[in-house]
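K.L.:
Fold the following for me, if possible:
(one chain, ligands or ions: 1)
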Amino acid sequence: MTAAADVTHTPDARPPRANDLDALLGRLRDAAKKDGAPSYEARVKDLDKLDKAIRGRKAAIADAIARDFGTRSKHETLFGEVFGVLSLIHYTKGHLRDWMDPEDRETSLVFLPSTSQVVVQPLGVVGIIAPWNYPVRLALAPLVAALAAGNRVMIKPSELVPGTSALLRDLISETFPADQVAVVVGGADVGEAFAKLPFDHLFFTGSTRVGKMVMRAASENLVPVTLELGGKSPAIVGPDFDPKTAAARIMAGKTYNAGQTCIAPDFVMVPAASRDAFVEGCRAAVAKMYPTLLKNPDYTSIVNDRHYARLRAYVDDAKAAGAEVIEINPSREALDAGGAGDRKIAPTLVLGATDKLQCMQEEIFGPVLPILTYTTLDEALAYVNDHPRPLALYYFSHNREGIDRVLSETTSGGVSVNETMLHIAQDDLPFGGVGPSGMGHYHARDGFDAFSKKKAVFRQSRINTTGLLRPPYGKMADRVIAMLLGR
Ligand code: NAD
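P.N.:
Predicted coordinates:
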């Protein structure tokens with residue numbers, strides 16, 4: 001039995017305890033000390049192994065996630081999770097040699113001809129805590145960066161998708177030595193114990209609420225954190241943009257994974273004059289993408305009964321508050337006939353949404369789209385800036401000045417212009433939130449950097465003038481200082 005299996009397959013099937021986790025971390029740390037930083041070739045080999053393991057299980061991955069969700073579009077799994085990670089591996093391999101090279105920096109004039117460099121090193125053993133909504137991508141994309149940077153890794157996937165978490169555990173234990181990468185399965189209690197471990201870095205993806213707990217726990221050991229959190233990402237339809245085209249793109253983002261995406265457009269702001277055309281566009285877009293919902297394999301279920309009830313409560317709350325609620329159910333199916341059995345919620349528009357509604361106070365994380373109206377761009381930007389800084393922002397316009405204003409006057413993790421979500425799919429762009437939507441970045445070189453120590457290295461030259469500035473300070477030192485300060 002491998003060492004990881006000692007922890008993740010306890011003989012009595014009990015969840016791992018704090019001692020088990022400590023012991024596992026100790027084993028990974030010992031191995032890191034013994035073997036030192038892996039070479040470029042070894043890292044590429046690790047990335048190739050991961051690539052092969054994912055490719056070989058792509059159908060199993062799609063099946064496992066579908067079983068955990070009820071329905072999860074196979075295409076969305078293969079594109080959003082499997083391809084997403086493979087593409088990142090490919091990109092990373094293409095740049096890794098460059099990233100690993102020491103980088104020459106300028107040496108301050110007074111210290112010439114000595115030299116300065118930044119040398120990158122693995123941090124050591126890092127932890128990754130993943131959520132359920134893209135359970136493979138959000139565990140393995142950070143792993144790609146952590147391995148590329150030469151670290152050993154412990155991963156804690158989400159308990160809400162137990163079949164997928166078990167698959168991840170097997171994938172990893174069959175691909176990597178147990179003292180290099182290990183998966184620890186378990187619930188919030190295991191997550192809590194995991195976050196207390198003295199890792200060299202802790203990478204967390206999940207809710208802002210749990211992110212605070214993770215940061216608090218990590219602070220006890222001064223473990224640096226990357227927090228990839230959530231929030232309410234606005235979409236703004238500019239006054240010049242065709243509302244129907246915007247509606248089609250926004251509904252595509254809102255219904256992908258049934259809206260259970262950290263960067264899904266959470267709510268939309270449309271010019272008051274084009275609201276009705278926008279609503280028509282939403283209806284048309286949904287009817288085209290999903291002629292039926294209930295048994296449609298393309299339309300993903302809500303992950304569990306709790307989240308289903310939470311989303312239903314948002315809709316009930318909006319109705320009770322007098323908002324106009326439009327459920328877009330093209331074939332008029334009885335979605336709740338079997339209770340929450342299929343856990344499908346029709347794409348639902350909430351018109352006349354105000355900040356008093358629950359759906360405007362919480363991150364929605366489902367296919368419910370509040371629609372707000374505005375009259376001037378100033379008003380729309382003021383609304384965004386009066387709320388917590390979002391993970392993503394979407395602006396639809398062909399007007400250069402307007403786009404520049406939105407980009408410069410708002411702060412968000414990322415932006416897609418005239419589209420939703422696709423900035424995350426660009427391997428060369430950093431991904432990460434700001435303020436309550438997160439801290440730190442990954443993807444691109446930023447992921448490699450997040451898991452690396454950048455060591456400042458100064459090399460003194462044989463012949464140098466540094467001795468001129470040593471005590472006892474006399475006339476020479478006075479002259480040097482006068483020269484430096486220009487009197
Ligand atoms: P969550 O915060 O409930 O759970 C995330 C992980 O943390 C799970 O593995 C869970 O077991 C673990 N956990 C729970 N309690 C813990 C504790 N006290 N200490 C340590 N770990 C603990 O999030 P979720 O419901 O799985 O995911 C949905 C949230 O994640 C949404 O808010 C969404 O926006 C966010 N998200 C963000 C990104 C991003 O990249 N920024 C991506 C996906 C999801």
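K.L.:
alpha carbons only for contacts and neighbour counts from here, please
P.N.:
OK.
K.L.:
Quick one: distance of whichever helix or strand K45 is part of to the chain centre.
P.N.:
K45 is part of helix 40-56, with elements assigned from DSSP states H and E. Remark: helix 40-56 is offset 22 Å from the chain centroid, using Cα atoms, centre = their mean, to the nearest Å.
K.L.:
separation between A235 and L422?
P.N.:
13 Å (Cα to Cα, to the nearest Å).
K.L.:
quick one, which of those two is more surrounded?
P.N.:
A235 (28 against 13; other Cα atoms under 10 Å).
K.L.:
Note down every partner strand of the helix or strand where that one lies and its orientation.
P.N.:
Per DSSP H and E: A235 is located in strand 234-237. Counting by DSSP bridges, the strands paired with strand 234-237 are strand 267-271 (parallel), strand 392-396 (parallel).
K.L.:
Quick check: L140 vs the ligand, distance?
P.N.:
12 Å (Cα to the nearest ligand atom, to the nearest Å).
K.L.:
And for that residue, the neighbour number?
P.N.:
26.
K.L.:
re the thing from before, same for the helix holding K45, what does it pack against?
P.N.:
helix 84-100, helix 137-148, helix 162-175 (3 or more Cα pairs under 8 Å, 6 or more residues apart in numbering; DSSP states H and E).
K.L.:
What is the neighbour count of the residue in the stretch 1-150 of the chain that the ligand sits nearest to?
P.N.:
With Cα to the nearest ligand atom as the measure, P131 is the residue of the stretch 1-150 of the chain nearest to the ligand, at 3.4 Å. Neighbours of P131 under the rule other Cα under 10 Å: 20.
K.L.:
Show me where the protein dips below the pLDDT cut-off.
P.N.:
For the chain, the stretches with pLDDT under 70 are 1-15, 337-341, 487.
K.L.:
Spell out which parts of it neighbour the ligand.
P.N.:
129-132, 156-159, 187-188, 191-192, 195, 205-207, 210, 213-214, 228-231, 262 (Cα under 6 Å from any ligand atom).
K.L.:
Return the members of the residues you listed classed as buried.
P.N.:
129-132, 156-159, 191, 195, 205-207, 210, 214, 228-231, 262 (16 or more other Cα atoms under 10 Å).
K.L.:
among those, which are in helices?
P.N.:
Counted as lying in helices by DSSP state H, out of these, are 191, 195, 210, 214.
K.L.:
what would these look like in a markdown table with distance to K454?
P.N.:
Below are these laid out as a markdown table (distance: Cα to Cα, whole Å):
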| residue | distance to K454 |
| --- | --- |
| G191 | 29 |
| A195 | 24 |
| V210 | 29 |
| V214 | 24 |
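K.L.:
Okay, domains of this protein per the record?
P.N.:
6-229+440-454, 234-432 (automatic domain parsing).
K.L.:
between the ones you listed, which one is nearest to L469?
P.N.:
Across the domains of the chain, L469 has its closest neighbour in domain 6-229+440-454 (10.7 Å, Cα to Cα).
K.L.:
Now do that closest one: distance to the chain's middle.
P.N.:
That offset, for domain 6-229+440-454, works out to 12 Å (Cα atoms, centre = their mean).
K.L.:
Identify each buried residue in stretch 172-180, please.
P.N.:
Buried-residue list, stretch 172-180, by 16+ other Cα under 10 Å: 172-173, 175, 178-180.
K.L.:
How much space separates the residue in the stretch 251-400 of the chain positioned nearest to the ligand from A37?
P.N.:
Closest residue of the stretch 251-400 of the chain to the ligand, Cα to the nearest ligand atom: C262 (3.7 Å). Noted for C262: a distance of 34 Å to A37, by Cα to Cα.
K.L.:
Could I get the phi/psi values of the closest residue to G231 other than its chain neighbours?
P.N.:
Closest residue to G231 in three dimensions, ignoring its sequence neighbours and counting by Cα to Cα, 6 or more residues apart in numbering: E363, at 5.2 Å. Dihedral angles of E363 (phi, psi; degrees, to the nearest 10) stand at phi -60, psi 130.
K.L.:
contacting residues around E363?
P.N.:
Shown in contact with E363 (Cα atoms under 8 Å, 6 or more residues apart in numbering): 230-232, 266.
K.L.:
pretty sure S165 contacts P157?
P.N.:
Yes: S165 lies in contact with P157 (Cα atoms under 8 Å); the separation is 5.7 Å.
K.L.:
Mind listing the shared neighbours of these two?
P.N.:
Counting by Cα under 8 Å, 6+ apart, the residues touching both S165 and P157 are 135, 185.
K.L.:
Next, work out how far apart the residue nearest to G231 and N418 are.
P.N.:
From E363 to N418 the distance is 22 Å (Cα to Cα).
K.L.:
What of V350?
P.N.:
Separation of V350 from N418 (Cα to Cα): 22 Å.
K.L.:
Which residue of these two possesses the greater neighbour count?
P.N.:
Shown here are V350 and N418; by other Cα under 10 Å, V350 has more neighbours (23 against 20).
K.L.:
Is the more buried one in contact with A323, as I believe?
P.N.:
Yes: between V350 and A323 there is a contact under Cα under 8 Å: 6.5 Å.
K.L.:
quick check, K453 in a helix?
P.N.:
No: read with DSSP: H, G, I helix; E, B strand; the rest coil, K453 is strand and lies in no helix.
K.L.:
quick revisit: how about the strands paired with strand 234-237, which one is nearest T376?
P.N.:
strand 267-271 (7.7 Å).
K.L.:
which other residues reach the closest one?
P.N.:
With contacts defined as Cα under 8 Å, 6+ apart, strand 267-271 is touched by 232-239, 278, 369-376, 380.
K.L.:
Please apply the same query to stretch 101-114.
P.N.:
By Cα under 8 Å, 6+ apart, stretch 101-114 touches 115-120, 458-461, 463-466.
K.L.:
Any idea which residue is closest to the centre of this protein?
P.N.:
E228 (4.8 Å; Cα atoms, centre = their mean).
K.L.:
Please report how far it lies from L160.
P.N.:
Taking Cα to Cα, one finds E228 at 18 Å from L160.
K.L.:
Repeat that for A145.
P.N.:
Taking Cα to Cα, one finds A145 at 25 Å from L160.
K.L.:
which one of those two has more residues nearby?
P.N.:
Taking other Cα under 10 Å, A145 and L160 do not tie; A145 has more neighbours (27 against 18).
K.L.:
didn't that one look like it was pressed against P430?
P.N.:
No: judged on Cα under 8 Å, A145 makes no contact with P430 at a distance of 11.9 Å.
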